[in-house]
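Student: the following comprises the amino acid sequence and a computationally predicted model.
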Amino acid sequence: MQSSVTENKSRWLYIPLGLIIFMCMGTIYSWSIFRKPIETAFNIGATESGLPYMVFLVFYALAMPFAGSYMDKYGPKVMTIVGGIFISIGWFLSGFTSSIIVLTISYGVIGGMGVGIAYGAPMAVAAKWFPDKEGLAVGLTLGGFGLSPFITAPAASWLIRNFGAFTTFKILGVLFAVIITLLALPLKFPETNKKDSKTKQKKNLSSEIAPEKMLKSRSFYALWTTFVIGTIIGLMAIAISGPVAVELINLDSTTASIYVSLFAIFNGIGRPIFGALTDKLKAKKTAIISFSLIIIASLLMIINTSGSPVLYFMSFSIFWLNLGGWLAIAPAATSYFFGKKNYSQNYGYLFTAYGVGAVIGNLFSGSIRDIMGSYQYVFYPTLIIAAIGIIISFLFLKKDRVNNSEKETNYSAGNV
């Protein structure tokens with residue numbers, strides 16, 4: 001079966017389809033462009049203006065395990081369309097909000113749930129159609145999520161300047177409904193040969209781990225913790241990219257939006273790069289590389305007391321690259337550690353780390369800005385927790401061993 005899938009040239013169609021769908025969903029990474037207009041409209045501070053972004057990411061993460069349990073039953077097309085409808089409703093309703101609380105519900109809760117429902121489908125399609133190069137294929141598909149601000153940040157900035165932030169929400173909501181629905185129609189999993197599938201499962205019994213068993217394994221918590229660290233830093237950097245450019249580097253808002261769109265390129269290419277690295281080096285070495293780069297990026301901003309645009313660009317390019325990287329490392333490592341049979345559900349549970357990282361990162365950066373009066377102090381903690389990530393990766397980020405007696409017990413019980 002695997003050979004027939006790998007020889008199917010039409011499978012390459014699913015990568016650009018998924019990439020564009022993810023590009024629509026990835027507009028969340030352009031939130032920093034909306035923050036200043038929202039703060040002005042509602043007369044609020046940095047912590048409050050980050051609430052819709054934070055809640056969006058939390059519900060996005062919480063919806064992933066739920067969606068994963070229905071993926072095999074309803075298929076990727078239905079899950080993507082349902083998620084796309086939630087996304088468009090969330091964005092469209094945000095155009096009618098009159099307070100940060102209501103905006104947090106429409107944009108954060110409804111829109112976030114939509115992304116969580118749809119997210120796993122194009123990714124699972126890529127993984128199943130490319131068993132020979134899974135990390136690379138998933139990374140390329142997910143690249144649309146990271147590349148999104150390259151297009152959506154300047155587009156949103158232009159729309160906000162000409163129509164206002166709330167009309168922009170409405171326009172994007174309508175566009176997402178049309179684009180996601182149309183592109184979801186061709187999505188499907190490759191047909192499986194039941195006889196070959198059973199044979200393959202018997203040969204790879206020890207690597208096929210159900211969610212309840214995964215949640216008891218040391219490798220899951222090591223991967224979950226490092227994923228939390230990677231997302232805390234990456235999502236925090238994305239949320240403050242625009243404000244840091246304006247406040248610390250003294251760039252105007254238009255120039256800041258250009259920088260954000262350029263950073264999106266690094267977020268996008270980080271996914272196939274780190275996906276391919278995970279295929280080749282496995283999760284442990286790739287994670288250490290990622291955290292080492294984050295330490296370098298943190299140091300660049302710590303020494304950037306003169307407000308150099310060059311150091312700012314270098315530092316935030318690395319931050320965005322590594323967030324994209326972790327969104328490729330985590331799914332590839334999930335498949336390697338726990339197998340492909342329960343991939344959608346297992347990755348859904350792992351993805352709760354993303355929600356935890358979103359809450360901590362957003363509250364932390366906003367609180368530092370409000371208390372200390374500057375984002376300059378954000379980069380000392382990022383350096384420290386990246387160092388902790390290296391230690392955890394080195395000691396614990398490896399595949400759990402399954403002894404022969406356990407394999408034989410599982411086989412005799414028919415748990416294949």
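Tutor: Sure, I can see it.
Student: so for the host helix or strand of residue 181, what gets flagged as buried?
Tutor: Residue 181 is part of helix 165-184, with elements assigned from DSSP states H and E. Within helix 165-184, the residues scored as buried using 16 or more other C-beta atoms under 10 Å are 165-166, 168-173, 176-177, 179-181, 183-184. C-beta: built from backbone N, CA, C; applies to glycine.
Student: longest helix in the chain, please.
Tutor: helix 253-302 (DSSP state H).
Student: run the chain-centre distance for it.
Tutor: Using C-alpha atoms, centre = their mean, to the nearest Å, the mean C-alpha position of helix 253-302 is found 13 Å from that of the whole chain.
Student: following it, which helix or strand shows up next?
Tutor: According to DSSP H and E, the helix or strand after helix 253-302 is helix 309-338.
Student: what about the host helix or strand of residue 149, distance to the chain center?
Tutor: Assigned by DSSP H and E, residue 149 belongs to helix 134-163. Mean C-alpha position of helix 134-163 versus that of the full chain (C-alpha atoms, centre = their mean) differs by 12 Å.
Student: residue 340 against residue 127, yeah?
Tutor: Yes - counting by C-beta atoms under 8 Å, residue 127 is a contact partner of residue 340 at 7.4 Å.
Student: any idea how far residue 306 is from the residue nearest in space to the middle of the chain?
Tutor: For the chain, residue 327 is the residue whose C-alpha lies nearest the centre (C-alpha atoms, centre = their mean; 4.9 Å). Per C-beta to C-beta, to the nearest Å, residue 327 is found 33 Å from residue 306.
Student: kindly report the same for residue 113.
Tutor: Taking C-beta to C-beta, one finds residue 113 at 44 Å from residue 306.
Student: higher neighbour count, the two?
Tutor: residue 113 (23 against 7; other C-beta atoms under 10 Å).
Student: ok, that one - contacts?
Tutor: Residues counted as contacts of residue 113 (C-beta atoms under 8 Å, 6 or more residues apart in numbering) are 59, 60, 62, 63, 86, 90.
Student: so which of these is the closest to residue 382?
Tutor: residue 60 (22.0 Å; C-beta to C-beta).
Student: picking up where we left off before, now, the most widely separated pair of the contacts of residue 113?
Tutor: Longest span within the contacts of residue 113, C-beta to C-beta: 62 and 90, 14.5 Å.
Student: those two: which is more packed in?
Tutor: Comparing residue 62 with residue 90 by other C-beta under 10 Å, the one with more neighbours is residue 90, at 26 against 18.
Student: in terms of secondary structure, what does the helix or strand that contains that one contact?
Tutor: Using DSSP H and E, residue 90 sits in helix 51-94. If contacts are counted by 3 or more C-beta pairs under 8 Å, 6 or more residues apart in numbering; DSSP states H and E, helix 51-94 sits against helix 14-25, helix 31-42, helix 100-103, helix 112-129, helix 165-184, helix 343-350, helix 352-372.
Student: put the alpha carbons of stretch 394-403 into CSV.
Tutor: The C-alpha trace of stretch 394-403 is given here as CSV (Å, rounded to 0.1, in the frame of the first residue of the first chain):
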residue,chain,number,x,y,z
PHE,A,394,18.9,16.2,26.4
LEU,A,395,17.7,14.1,29.3
PHE,A,396,14.2,13.0,28.4
LEU,A,397,13.2,13.7,24.8
LYS,A,398,13.5,10.1,23.5
LYS,A,399,11.2,7.2,22.5
ASP,A,400,10.1,5.0,25.4
ARG,A,401,11.1,1.4,25.2
VAL,A,402,8.5,-1.3,25.0
ASN,A,403,9.8,-4.7,26.3
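Student: what about that stretch, average pLDDT?
Tutor: Averaged across stretch 394-403, pLDDT comes to 80.
Student: also stretch 100-117?
Tutor: For stretch 100-117, mean pLDDT is 95.
Student: count the neighbours of the nearest residue to residue 177 once chain neighbours are set aside for me.
Tutor: Nearest residue to residue 177 in three dimensions, chain neighbours excluded: residue 88, at 3.6 Å (C-beta to C-beta, 6 or more residues apart in numbering). Using other C-beta under 10 Å, residue 88 has 24 neighbouring residues.
Student: and the longest helix of the chain, what does it pack against?
Tutor: Counting by 3+ C-beta pairs under 8 Å, 6+ apart, helix 253-302 packs on helix 31-42, helix 134-163, helix 218-247, helix 309-338, helix 379-396.
Student: let's go with 6 Å and repeat that
Tutor: helix 134-163, helix 218-247, helix 309-338, helix 379-396 (3 or more C-beta pairs under 6 Å, 6 or more residues apart in numbering; DSSP states H and E).
Student: pLDDT below threshold where in this structure?
Tutor: 1-4, 6-7, 192-207, 401-416 (pLDDT under 70).
Student: what's the closest of the contacts of residue 113 to residue 242?
Tutor: Nearest to residue 242 among the contacts of residue 113, with distances taken as C-beta to C-beta, is residue 60, at 20.5 Å.
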